[in-house]
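Peer 1: give me a 3D structure for the following:
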Amino acid sequence: MHRLTNIVISISATILLAFTPICALAQDKPVAVVAFSSLDELMTDVAYLTEAAGAPEYGGMAQGFLGPMTAGLDKSKPWGVAVMTDGTELKPLGFLPVTDLDTFLQIHAGNLGEAKDAGDGILQLAGAVPVFVKEYKGWAFVAQQAEQLADLPGDPTSLLDGLDADYDIALRAYVDNVPEQYKQLALAQIRSGADAGLKNLPAEGDEAEMQRKLAQTGVRQLETFFNETATFTLGWNIDGEAKSTYLDIGLTAVPGTSTARKMALLSDTTTEFGGFLQADAAATLNFASVVSEEDIEQAVPMLIGVKQRALEQLDEDAELDDQETRDAAKDLLGSLFDVIIGTVKSGKVDGGATLVLGPNALSMACGGYVADGKQLEETFNKFIALAEKEDGFPGVEMNAAEHGGITFHTAKVPVPDAEAREIVGDEVDVVVGIGETSGYLAVGNNAADLLRKVIDDSAASAGNKVPPGQLNVALQPILAFAAAVDDNPMTSLMLAEVEKLEGRDHISIRSIPIPNGAVSRIEIEEGVLRAIGAAAKAGMSGGIGP
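Peer 2: Numbering: from 1, shown residues only. Coordinates of the predicted model:
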C-alpha cells in the first residue's frame, strides 16, 4: 500500500510539474484544465467508495499513508493544472494549495529533486525534468520556465472553471482555443493514418469502396469535431449523499455551427414510447430526438447505396437458385429499406425496449416510430409469404388481436435448446405489432401482455419530456433470474448484497442536454458497488465455501 501511495503522489506531482514540455508561456485563453477537488473531499469520497465496496479498511489505509505524505498542503482547497495559449504557443501552469511548501518539497525531494534558489522567490527543482516553483498567496505555482512565474493570479481556482466543485477529478479541453497550427497538424496525421490504412485495399470492388467511404466519413467527422467543438469534458465524481458514482463525457459546440444546431435539437425531446421504461424491468431503453437536415442529407444517400449493394448481393447469391424466390427476397429487402429510408426522411427518431425477468420467465419488447405503418404492414406480409416456403416455419396468426390501435400478429415458436426450455418452456410467444406510425416486436413468456402494458403506458405518458437517450439496467432482477436458473453461491452472495439496498441497484447511461451541448453520464449506484465488492472479496479469499 505504501508503494502504491508513493506512485500516486509521484504521478500527481508529475502532472503538476511536467504536464507538457513542448512550447512557450501564454496567458490569454485556456486550452486544457485538469482539476482535482480538495484532498479532504477526495479522501471522504474514497472512504465512502471503499466502504460501499465492502472494503472500508482500504480507505482507512489510504488516509493513514497519505496523511504524512501530504504534509505542508492545504487539504481544504482544490488544485490543478491549466494550459494557456495566446493563439500561438502553449505552456502549462500547475498550482497546489500550501501551508508549508518547504516541508512538502523535503518529503518528496527523492521524486522531485532538490530545491535550489533561483532568485525572486523562485525555486528550481533539479529532477529528471527541471521545473520552477514559486509560492504566492498560499499557492505553490509550478512552471517549466521561471519567466512564467512573474505574473501570477491571486486565486488560481478560477482557472478550473468550476470543475473542482462538480467532480473529484476532471479534464476539460477547450478545443476551440487550440491554435490552428496544432489542429492542422493533428488532422494531417489523422488523414495520413487513414490513407495508410487504405493502401492495401483492391483498386475496385464494392467492399473496398465501402471501406474508403467509411474512412472518409471518419476523417470528416474528426474535422468537424476539431472545427466545431468548443469544449470537451471528462469528469468523475463519487457522490456519497446520492450513494453513487458517475463518469460524465460532455461536449459543447461553437455557436452557429452545424454541431450547435444539432445540439439545440436535443434540448427539448419528448417521447410517444415512454411505456418501455417499465419500473420493474431488468433493463429499459428509450431514445427520442429530431434528426437535423444535414444528417438526413448524409444518411439517405448512404442508405440508398447500401440498399443497392444488398440487392446486387441477392442477385449473386448461389443459394437462391429459384428466380421466383430471388425476386421475392429482393422485393422484401427493398420494401424494408424503403420503410427505413422513409422514416429517416421524416426527421423523427423515437422508440425503446424493455426486458422483464422473473423466476423461470423472460420477456422482452422493442419498437418505435415508423413514418408509414401501412408500408411496414405490407413489408411484414411479404416476409410471411417468403417464410412460409421454408420447412419448419411455425406459422403466424395474422390479425390475432388489436390493442390501442395496434394490430397484433402472433406465433408460437418452439425452443430447440434443452437448457433454454427449462427456463422459458417448450415454446415462446412472438408478437409483431403494427400501428399507423409504429412497429413493435415482443418475444418471450406472456409477450402479448407485456406489449399491451407498454402500449397503454406509452399512451398514458405520451408527450412526456425525456432525455434524448437513456439505458437503465437493474442488477437485482438479473441476479434473481440467474440464481433461479443456476444455484451459484457467488450469484447468491451478490444478490444478498443488492437486496440490502432495494432500488439502488442500477447502472444507467443517459444523455443530459446542457446549454449548447450535451453530457453523457454513466452512473453506478451503491447496490452495484456492494455486489462487485462482495464478489471481489470472495474471489480474493478463494471463493465461497459450501
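
Peer 1: distance between the ends of stretch 237-245?
Peer 2: End-to-end distance of stretch 237-245 (CA to CA, to the nearest Å): 6 Å.

Peer 1: now do that stretch: distance to the chain's middle.
Peer 2: Centroid separation between stretch 237-245 and its chain, computed with CA atoms, centre = their mean, to the nearest Å, is 18 Å.

Peer 1: what of stretch 173-183?
Peer 2: 24 Å.

Peer 1: show me where the stretch 101-250 of the chain has strands.
Peer 2: Assigned by DSSP state E, counting those that start in this stretch, the strands in the stretch 101-250 of the chain fall at 115-119, 122-125, 131-136, 139-143, 169-173, 229-239, 244-253.

Peer 1: export the ones you listed as CSV, with columns for distance to residue 161.
Peer 2: In this view, the C-beta of every residue, glycine as well, is placed from N, C-alpha and C. Formatted as CSV, the strands of the stretch 101-250 of the chain follow (distance: least, CB to CB, whole Å):
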stretch, distance to residue 161
strand 115-119, 30
strand 122-125, 27
strand 131-136, 21
strand 139-143, 17
strand 169-173, 6
strand 229-239, 9
strand 244-253, 12
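
Peer 1: how much space between the nearest residue to residue 397 once chain neighbours are set aside and residue 362?
Peer 2: The spatially closest residue to residue 397, leaving aside those adjacent along the chain, is residue 410, at 5.0 Å (CB to CB, 6 or more residues apart in numbering). As for residue 410, its distance to residue 362 is 17 Å (criterion: CB to CB, to the nearest Å).

Peer 1: comparing the strands of the stretch 101-250 of the chain, which comes out most buried?
Peer 2: strand 139-143 (a mean of 23; mean count of other CB atoms under 10 Å).

Peer 1: who does that one pair up with?
Peer 2: Under the criterion DSSP bridges, strand 139-143 sits next to strand 90-97 (antiparallel), strand 131-136 (antiparallel) in its sheet.

Peer 1: JSON lines please, covering these and showing distance to residue 78 and mean pLDDT.
Peer 2: Shown next, in JSON lines, are the strands paired with strand 139-143 (distance: least, CB to CB, whole Å; pLDDT from 0 to 100):
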{"stretch": "strand 90-97", "distance to residue 78": "8", "mean pLDDT": "92"}
{"stretch": "strand 131-136", "distance to residue 78": "17", "mean pLDDT": "94"}
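
Peer 1: right, so of these, which gets closest to residue 456?
Peer 2: The closest of the strands paired with strand 139-143 to residue 456 is strand 90-97. By CB to CB, the value is 57.1 Å.

Peer 1: give the contact list for residue 163.
Peer 2: Contact analysis of residue 163 by CB atoms under 8 Å, 6 or more residues apart in numbering lists 33, 35, 80, 170, 172, 233, 235.

Peer 1: let me know the closest of the residues you listed to residue 519.
Peer 2: Nearest member of the contacts of residue 163 to residue 519, counting by CB to CB, is residue 233, at 7.6 Å.

Peer 1: tell me the contacts of the residue lying closest to that closest one once chain neighbours are set aside?
Peer 2: Take residue 233 and drop its neighbours on the chain: the residue closest to it by CB to CB, 6+ apart is residue 250, 4.0 Å away. Contacts for residue 250 were tallied using CB under 8 Å, 6+ apart; they are 231, 232, 233, 234, 235, 514, 517, 518, 519, 520.

Peer 1: could you dump the residues you listed into TSV with pLDDT and distance to residue 166 added?
Peer 2: Output for the contacts of residue 250, formatted as TSV (pLDDT from 0 to 100; distance: CB to CB, whole Å):
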residue	pLDDT	distance to residue 166
231	97	13
232	97	15
233	98	9
234	98	12
235	98	6
514	94	12
517	95	14
518	96	16
519	97	10
520	97	15
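
Peer 1: now those in TSV, with distance to residue 69?
Peer 2: Shown next, in TSV, are those (distance: CB to CB, whole Å):
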residue	distance to residue 69
231	33
232	32
233	29
234	26
235	25
514	37
517	38
518	39
519	34
520	35
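
Peer 1: rewinding a little: quickly list what the residue nearest to residue 233 is bridged to.
Peer 2: In beta-bridge terms (that is, DSSP bridges), residue 250 pairs with residue 233, residue 519.

Peer 1: so what pLDDT did it get?
Peer 2: On the pLDDT scale, residue 250 is placed at 97.

Peer 1: poorly predicted segments of the stretch 101-250 of the chain, please.
Peer 2: Within the stretch 101-250 of the chain, the stretches with pLDDT under 70 are 128, 201, 203-207.

Peer 1: again, only this time at 90
Peer 2: Filtered on pLDDT under 90, the stretch 101-250 of the chain yields the residue ranges 107-115, 125-130, 144-145, 147-148, 150-151, 154, 179-224, 240-242.

Peer 1: helices of the stretch 401-546 of the chain, start to end?
Peer 2: Listed in chain order, the helices of the stretch 401-546 of the chain (DSSP state H, counting those that start in this stretch) span residues 418-424, 447-460, 475-485, 489-499, 526-540.

Peer 1: residue 376: which of the ones you listed is closest?
Peer 2: Of all these, the one in closest proximity to residue 376, counting by CB to CB, is helix 447-460 (15.7 Å).

Peer 1: can I get the helices of the stretch 401-546 of the chain in TSV with distance to residue 336?
Peer 2: Shown next, in TSV, are the helices of the stretch 401-546 of the chain (distance: least, CB to CB, whole Å):
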stretch	distance to residue 336
helix 418-424	28
helix 447-460	21
helix 475-485	33
helix 489-499	40
helix 526-540	39
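
Peer 1: looking at those, which is nearest to residue 202?
Peer 2: Using CB to CB, the helices of the stretch 401-546 of the chain put helix 418-424 closest to residue 202, at 42.7 Å.

Peer 1: does anything pack onto the closest one? Which helices or strands?
Peer 2: strand 361-369 (3 or more CB pairs under 8 Å, 6 or more residues apart in numbering; DSSP states H and E).

Peer 1: one more time with 10 Å
Peer 2: strand 361-369, strand 427-435, helix 475-485 (3 or more CB pairs under 10 Å, 6 or more residues apart in numbering; DSSP states H and E).

Peer 1: in the longest one, what's buried?
Peer 2: Spelled out, that is helix 475-485. Judged by neighbour count using 16 or more other CB atoms under 10 Å, the buried positions of helix 475-485 are 475, 476, 477, 478, 479, 480, 481, 482, 483, 485.

Peer 1: go on, the first one?
Peer 2: In terms of neighbour count (16+ other CB under 10 Å), strand 361-369 has its buried residues at 362, 363, 364, 365, 366, 367, 368, 369.

Peer 1: before I go, just wanted to say thanks for your time.
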